[in-house]
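*Asks:* model this:
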Amino acid sequence: MEQFYPFFLIVFSGVFFSMLSIRTHIPWAVMLIIGGIAVGPSGLDVISLNPTIEFMGQIGLVFLMFMAGLETKFSRFSEYKTSLLSLAFINGLVPFLAGFAVVYALGYPPLTALIVGIIFVSSSIAVVIPTLEVTGMLRTKLGQSVVVTTVLQDITSLVLLSLLLQNVDPVTEVPLYVFYPVLLGVLVAMRLGIPKLREWVVRVTTNAPDLFQLEFRSTFLILIGTVIAFELLGLHPIVAGFFSGLVLADSIKSKVLKEKIKTISYGIFIPTFFVVIGLQTDLRVFADVGNVLLTMSALVLTLVASKYLSGFAAARLVGFDTTESNFFAATSLPQLSTTLATAFVVFNLGLIDQTLLTSLVVLSVVTVLLSPILIRRQANKLLERKEG
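*Replies:* Got it, this is the predicted structure:
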């Protein structure tokens, strides 16, 4: 019975602060993190971290990255010119160098600076897509360019993270020059084989009275099996979850099935992860106000400046006009899923300290609040120009 109490409080926090998000118009993920801080050691202290809660957070982390992968379709990449590779490269490289430089200048070791640089490469497809949908820009050439480059940057960030973790905390003794070709081969094989497996399940169960439930359960089973397979190969769960979603992205055709997967992910598992992030955010680090504010301000200002300026310059370089480039730059700012997932992992491995973890959480909150405002402003200018 003791395990039910923290589980109930976690679920309650997810529901309550999600409702509060609707009332206050504060982004859902941000409100859940605030909720975790409020009920955790830094707030009311009614929930403390224990193995059960940490395990729930890990499951939420896997589902968060799985849903990010599920939003990524290989078919999108063939529809656009290779100039978008240049766009993604510039918009990832400049923040990477800036993030590395500022953290190293703050006195952290090169490994920690490298981790923050990798985090700065990523963006947040989970924030970008809903905002593009609301502004009516999702299905435009500019909107799809944003989606493709955001996905490319997230994949790059996760591959770099995988390389780093494989060197720092290896889960396989296979040499890297063997590991990654094998991994690529397995990824291709799964990409080709899993859709056929799902088709076979649907065909066999066509006349079953609970067809959809069987299809849903088989998809869920394939998801967990794929994550386990990638982990056995040596991928960290954060990367395994993303690639599992990537493998299944084009094979799940049913909108109803996708909605069911989305419901169970965002209804139970993913909110738990964000609440756990809040629980792990120790506001007591603010006792050393000068050091924390310096680190936090340096990270936020460096990320915003490097992402915006590199995004604007890269967009201009590939042929977008000034307004379109400002729009693209604004969409590159939000740091959420990959940032928090990476921070969660490397903190637990002891690769970053509490000050950096708290600063990265604040960075996510600031950019998730700021980016939609800037995106809407530039989108309105584009729509006004179109109507005029």
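
*Asks:* where does Ser86 land in three-state SS?
*Replies:* helix (DSSP: H, G, I helix; E, B strand; the rest coil).

*Asks:* who's in contact with it?
*Replies:* Counting by C-beta atoms under 8 Å, 6 or more residues apart in numbering, Ser86 touches Ala314, Leu317, Val318. Bear in mind the C-beta positions are built from the backbone N, C-alpha and C, glycine included.

*Asks:* measure the nearest residue to the last one once chain neighbours are set aside to Phe89 for me?
*Replies:* Going back to what we said before, that points to Val318. With sequence-adjacent residues excluded and distances taken as C-beta to C-beta, 6 or more residues apart in numbering, Val318 is closest to Ser83, at 4.4 Å. Ser83 is 10 Å from Phe89, where distance means C-beta to C-beta, to the nearest Å.

*Asks:* So which of the two has more stuff around it?
*Replies:* More crowded of Ser83 and Phe89, by other C-beta atoms under 10 Å: Phe89, with 16 against 13.

*Asks:* Please list all residues in contact with that one.
*Replies:* Contact partners of Phe89, counting by C-beta under 8 Å, 6+ apart, are absent.

*Asks:* Check Val276 too.
*Replies:* Neighbours of Val276 in contact, by C-beta under 8 Å, 6+ apart: Ile10, Gly36, Leu49, Ile53, Glu54, Met56, Gly57, Gly60, Phe344.

*Asks:* tell me which element the second one falls in.
*Replies:* Taking DSSP states H and E as the definition, one finds Gly36 inside helix 28-39.

*Asks:* Which strands or helices does that helix pack on?
*Replies:* Applying 3 or more C-beta pairs under 8 Å, 6 or more residues apart in numbering; DSSP states H and E, one finds that helix 28-39 contacts helix 4-24, helix 270-280, helix 354-387.

*Asks:* Mark which of the contacts of Val276 are buried, thanks.
*Replies:* With neighbours counted using 16 or more other C-beta atoms under 10 Å, the contacts of Val276 contain these buried positions: Ile10, Gly36, Ile53, Met56, Gly57, Gly60, Phe344.

*Asks:* now, which of these lie within helices?
*Replies:* Among the buried ones among the contacts of Val276, the members found in helices (DSSP state H) are Ile10, Gly36, Ile53, Met56, Gly57, Gly60, Phe344.

*Asks:* want to throw those into CSV with distance to Glu259 and pLDDT?
*Replies:* Supplementary listing: those in CSV, determined by distance: C-beta to C-beta, whole Å; pLDDT from 0 to 100:
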residue, distance to Glu259, pLDDT
Ile10, 24, 79
Gly36, 27, 84
Ile53, 28, 78
Met56, 23, 79
Gly57, 24, 79
Gly60, 19, 82
Phe344, 27, 78
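
*Asks:* Closest to Leu164 out of the residues you listed?
*Replies:* The shortest gap between Leu164 and any of those belongs to Phe344, at 14.9 Å (C-beta to C-beta).

*Asks:* doesn't Ile261 make contact with Leu70?
*Replies:* Yes: using C-beta atoms under 8 Å, Leu70 is in contact with Ile261, at 7.3 Å.

*Asks:* Touching both of those two, which residues are there?
*Replies:* Here Leu70 and Ile261 have Ile252 as joint contacts, going by C-beta under 8 Å, 6+ apart.

*Asks:* Next, format the buried ones among the contacts of Val276 as CSV and append distance to Leu299.
*Replies:* Formatted as CSV, those follow (distance: C-beta to C-beta, whole Å):
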residue, distance to Leu299
Ile10, 28
Gly36, 20
Ile53, 27
Met56, 28
Gly57, 23
Gly60, 24
Phe344, 16
